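Student: Fold the following.
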Amino acid sequence: MSGADLARACNTTPQAMNGVLATLERDGLVERHPHPTHGRILQVTLTREGERRLKAATPAVRGLESTIEQDFSPEQIAAVKAWLVASAQRLEKAATSRGA
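Tutor: The predicted model follows:
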């Protein structure tokens, strides 16, 4: 996937995703390579270490999600997630406009 694709999938801005990807790349968890036909697009792939860590973390993350979401309807969970994403985007936009 590209950074822009990942940003859309995570409901965040490309700028925020670029920061996350830079950290993951620095830590050897992802690699970015030019797209074979679109020179300006960088494709992101997990490294072996990234795959290992993702596989190791997934059960714990799913367990936490299950605990947090217990007794909430799917509609309530969706509303909370939408609010969190919108709030994060507003905060990021405010920080960007202030030059932070």
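Student: switch to C-alpha atoms for all contacts and neighbour counts from now on
Tutor: OK.
Student: Distance of residue 91 relative to residue 3?
Tutor: According to C-alpha to C-alpha, to the nearest Å, residue 91 and residue 3 sit 20 Å apart.
Student: How about residue 64?
Tutor: Plainly put, residue 64 is 26 Å away from residue 3 if you go by C-alpha to C-alpha.
Student: Residue 61 in helix, strand or coil?
Tutor: Recorded secondary structure, residue 61: helix (DSSP: H, G, I helix; E, B strand; the rest coil).
Student: which secondary structure elements does the longest helix along the chain contact?
Tutor: For the chain, the longest helix by residue count, based on DSSP state H, is helix 74-98. Helices and strands touching helix 74-98, by 3 or more C-alpha pairs under 8 Å, 6 or more residues apart in numbering; DSSP states H and E: there are none.
Student: in stretch 20-34, what's buried?
Tutor: By neighbour count on 16 or more other C-alpha atoms under 10 Å, the buried set for stretch 20-34 is 21, 24-25, 29-32.
Student: Which of the three states applies to residue 43?
Tutor: Recorded secondary structure, residue 43: strand (three-state DSSP).
Student: Sitting in strands, which of the buried residues of stretch 20-34 do you find?
Tutor: Among the buried residues of stretch 20-34, DSSP state E puts 30-32 in strands.
Student: closest to residue 70 among these?
Tutor: When those are compared for distance to residue 70 (C-alpha to C-alpha), residue 30 wins out at 32.6 Å.
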